[in-house]
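In: Generate coordinates for the sequence data below:
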Amino acid sequence: MTLFAFLLLFAGAIFAYTLNLRAAQSIRNGGGNLHSLTSFHGMYAFLLVLIPAFVFLLVWLSFQGTVINALVQRSLPADVTAGLESGPLQLIMAEIASIAGGRMFGTPDEWKLAAADRLVNLRVTSQWLMVAFLLAIIAGCIYVARKRVSATFRARQGAESIVHALMVFCSVVAVFVTIGIVASLVFETFRFFQMVPWYEFVFGTVWEPQIPIREDQIAAEGAFGLIPVFLGTLVITVIAMIIAIPVGLGSAIFLNEFASPRFRSIVKPVLEVLAGVPTVVYGFFAVLTIAPALRVFGETWGLPIAPNTALAAGIVMGFMLVPFISSFADDALSAVPRSLRDGALALGATRGETMMNVLFPAAIPGIVGGVLLAVSRAIGETMIVVMAAGLIAKMTINPLDSVTTVTVQIVTLLIGDTSFDSPKTLSAFALGMVLFLVTLVINIFAIRIVRKYREIYD
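Out: Below is the predicted model:
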């Protein structure tokens, strides 16, 4: 039914466009002078129908599940829900939803079957009400748009006003989403620091987040030291950058200045295809090829290399990042004005001197953008690290040892049923705040470099 509603929405918008377009054309064919082109009359009707109906669908679909669950929950027997906390109540609602979907295990209670029937009926009623209201909104918008078609109607200004309002709304939403993300991180991090002192988190050298959940459970007391996790992230990122930056910049310089057009037309698309390879494929390559090769090399030279090693993850991640740096650097070098290249060559500089002394410094803003993207990708990578580097946080900078990263620990902490009232779960938000601050510092540093060189070469 949801797909049908969206198809109905787009069909109504197209119908409104066609109706207003023909109405405007009939006025023009009848000798009238339209203020705007006929296409603007159609576009005004299209937008006037599409945007309100689309917003209605989003709002309805966002809240219908919550409202239906609240109605079903309110209809449950009072003796069943009395004194239940949110966790057990959610389990009951999940079981009722499973029964409503036809997934029953054993013989459910009669009140659960009745609640499941009520859930199904409410869902069906909600879908039909959604379609009915949608049709009413579409019909009303089509009527309003059609009534406004006239020779003096400023359809272009009307369509542009709708588009302008839509862009402003998207900008405001982006700003508030960013504020919401930061606020949620700050709030949950503050809750974590109420349970764990901040100095233990920042300066701690042991990361062992396993804590007892129940009083009768045997578990460690929990240690939330950031340093070993951050060191693992730093080690893998440095290894990846040592490989990715020279190879990426070297390939970009060669393809941009020294490669033949035929060679460039073959190699550049191949590099861009590598950028789209899923990270799990790189993870398999690290586990099945790079890690065994490193272990054989270590046995030959008597070096102790762990089965899961930071070096394997860093090497594969570096090759994964080469296409990003190469593509950005090549585009930045191609954007340098031709006059700089011709002027350097006219003064007697070689192609190598022209590249290193003129073109490369002028392209620094774009190159820094590519390197920044690669660093952010390396810091945020999870799958390769999980498969090749391991899950254990160790206080080491040895690339031959197994390490873990911040993102891997965040995923590990939030897997399964989680309760956001324990330091184990809340520590994921503290790690997220660390990633946010590190990325912010990198962005500020990159912006300063870009501004410095942009002022020189503008």
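
In: show me what contacts the residue nearest the centre of the chain?
Out: Nearest to the geometric centre of the chain sits Gly380, at 10.8 Å (CA atoms, centre = their mean). Contact analysis of Gly380 by CB atoms under 8 Å, 6 or more residues apart in numbering lists 407, 435. (Each C-beta comes from the backbone N, C-alpha and C, glycine too.)

In: where do the strands sit along the stretch 151-300 of the chain?
Out: Taking DSSP state E, counting those that start in this stretch, the strands of the stretch 151-300 of the chain run over residues 207-208, 223-224.

In: now for the ones you listed, which one comes closest to Ile27?
Out: strand 223-224 (71.6 Å; CB to CB).

In: Give me the contact list for that closest one.
Out: Strand 223-224 has contacts (CB under 8 Å, 6+ apart) with 196, 200-201, 204, 206-209, 423, 427, 430.

In: Let me see the ranges of the helices in the stretch 301-450 of the chain.
Out: Applying DSSP state H, counting those that start in this stretch to the stretch 301-450 of the chain gives helices spanning 310-334, 338-346, 351-354, 360-362, 364-380, 383-388, 406-413, 423-457.

In: residue contacts, Thr2?
Out: Neighbours of Thr2 in contact, by CB under 8 Å, 6+ apart: 61, 127.

In: 7 Å instead, please
Out: Counting by CB atoms under 7 Å, 6 or more residues apart in numbering, Thr2 makes contact with Leu61.

In: and the gap between it and Val120?
Out: Thr2 sits 16 Å away from Val120, taking CB to CB, to the nearest Å as the criterion.

In: Ok, Ile266 next?
Out: Counting by CB to CB, the gap from Ile266 to Val120 is 58 Å.

In: circling back to that earlier point, now, among the contacts of strand 223-224, which is nearest to Val163?
Out: Within the contacts of strand 223-224, proximity to Val163 (CB to CB) peaks at Ala430, which comes in at 41.8 Å.

In: Distance of the closest one relative to Val277?
Out: To Val277, Ala430 is 32 Å away according to CB to CB.

In: quick one, which of those two is more surrounded?
Out: Under the criterion of other CB atoms under 10 Å, the comparison of Ala430 against Val277 puts Ala430 first, with 24 against 13.

In: what's near enough to touch that one?
Out: Counting by CB under 7 Å, 6+ apart, Ala430 makes contact with 189, 192, 201.

In: again, 6 Å this time
Out: 189, 192 (CB atoms under 6 Å, 6 or more residues apart in numbering).

In: how about the one helix or strand Lys112 maps to: buried residues?
Out: Secondary-structure assignment from DSSP states H and E places Lys112 in helix 110-147. Within helix 110-147, the residues scored as buried using 16 or more other CB atoms under 10 Å are 112, 114-116, 118-119, 122-123, 126-127, 130, 134, 137-138, 141-142, 145.

In: Which elements pack onto that helix?
Out: helix 2-29, helix 38-74, helix 86-100 (3 or more CB pairs under 6 Å, 6 or more residues apart in numbering; DSSP states H and E).

In: Repeat the analysis, applying 10 Å as the threshold.
Out: helix 2-29, helix 38-74, helix 78-81, helix 86-100 (3 or more CB pairs under 10 Å, 6 or more residues apart in numbering; DSSP states H and E).

In: Compare the ones you listed and say which comes out lowest on pLDDT.
Out: Looking at those, the lowest mean pLDDT belongs to helix 78-81 (a mean of 68).

In: residues in contact with Leu34?
Out: 24-25, 27-28, 40-41, 149-153, 155 (CB atoms under 10 Å, 6 or more residues apart in numbering).

In: Could you list the low-confidence segments of the chain?
Out: Scanning the chain for pLDDT under 70 picks out 79-87, 104-106, 108, 211-222, 416-420, 453-458.

In: Specify the residue ranges that define each domain of this structure.
Out: Taking automatic domain parsing as the reference, the chain has its domains at 2-164, 223-457.

In: Can you give the distance from the longest one to the centre of its chain?
Out: Taking CA atoms, centre = their mean, to the nearest Å, the mean C-alpha location of domain 223-457 is offset from the chain mean by 18 Å.
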